[in-house]
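>>> Next comes the sequence, and after it the predicted model I'd like to discuss.
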Amino acid sequence: MSALQRLDQFSVAPGQRGRSALMVQLWWLVQGSLFRWSPQVAYGFRRWLLRRFGAQVGRKVLIRPSATVTYPWKVTIGDYAWIGDDAVVYSLGPIHIGAHAVVSQRSYLCAADHDPAQPDFPLRERAVRIEDGAWVATDVFIGPGVTVGREAVVGARSSVFRSLPPAMVCHGNPCRPVRPRVAPPA
């Protein structure tokens, strides 16, 4: 038996999910059926479903049917944002996706972790923010507590464990700022 990790002592803190167990199960049922099997072009329907379950979703948000959202009531998505195929919005803690932001296919936004110093493995909610105009490219991991700055770009397959500054192109594992993101000539 491990002395450093005792999963038999783990428990979900009261209220940590933000809704009742019944509501959580209902959302997962709806997400696994109506949301996932909706036609690709049914963006308005998926926005409507997310709003019915407490998400704050802006105008003309495009979210693909294969994207998953753990707890929509902990999610805010700004106007005209895009969330790609197989993206995971693991919203055990709050997740904010800004206006005109892109979370590309297979990216993973993770808003919680566990305290490795405690044997009962308690969950720690740590908000994730993708600010306005930021682009999280394909297959990126965004860790708990990270903010991706306004209009920053996170390159494909990057792993982000620290917040990134605005208007920078960033990539790598661990992800680091590489150069400024510049506007095209007028």
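Received, thanks.
>>> for the closest residue to residue 72 other than its chain neighbours, what are its contacts?
Leaving out its chain neighbours, the residue that sits closest to residue 72 by CB to CB, 6 or more residues apart in numbering is residue 55, at 3.8 Å. (Each C-beta comes from the backbone N, C-alpha and C, glycine too.) Contacts for residue 55 (CB atoms under 8 Å, 6 or more residues apart in numbering) come out as 69, 72-73, 75-77.
>>> Those, buried ones only, as a PyMOL selection?
What follows is the PyMOL syntax selecting those of the contacts of residue 55 that are buried according to 16 or more other CB atoms under 10 Å:
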select buried, resi 69+72+73+75+76+77
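>>> The contacts of residue 55 in strands, which ones?
Filtering the contacts of residue 55 for membership in strands, criterion DSSP state E, returns 69, 75-77.
>>> so where's the protein uncertain?
For the chain, the stretches with pLDDT under 70 are 1-2.
>>> Just give me the closest of the ones in strands among the contacts of residue 55 to residue 139.
residue 69 (18.2 Å; CB to CB).
>>> And the helices in this protein?
With DSSP state H applied, the chain shows helices at 21-30, 43-52, listed in chain order.
>>> returning to what we had before: most widely separated two among the ones in strands among the contacts of residue 55?
Spatial extent of these (CB to CB) is set by the pair 69 and 76 at 11.5 Å.
>>> What is the neighbour count of residue 24?
16 (other CB atoms under 10 Å).
>>> just checking, it touches residue 69?
No. The criterion here is CB atoms under 8 Å, and residue 24 misses it with residue 69 at 11.9 Å.
>>> Quick one: residues in contact with stretch 30-39.
45-46, 49, 53, 65-66, 68-69.
>>> got a winner among these for most neighbours?
residue 69 (26 neighbours).
>>> And that one, how far from residue 111?
11 Å (CB to CB, to the nearest Å).
>>> what is in contact with the two at once?
Residues touching both residue 69 and residue 111 (CB under 8 Å, 6+ apart) are residue 91.
>>> List the contacts of the residue nearest to residue 131 when sequence neighbours are not counted.
Leaving aside its sequence neighbours, residue 131 sits nearest to residue 150 (CB to CB, 6+ apart; 4.2 Å). Going by CB under 8 Å, 6+ apart, residue 150 touches 98, 131-134, 166-167.
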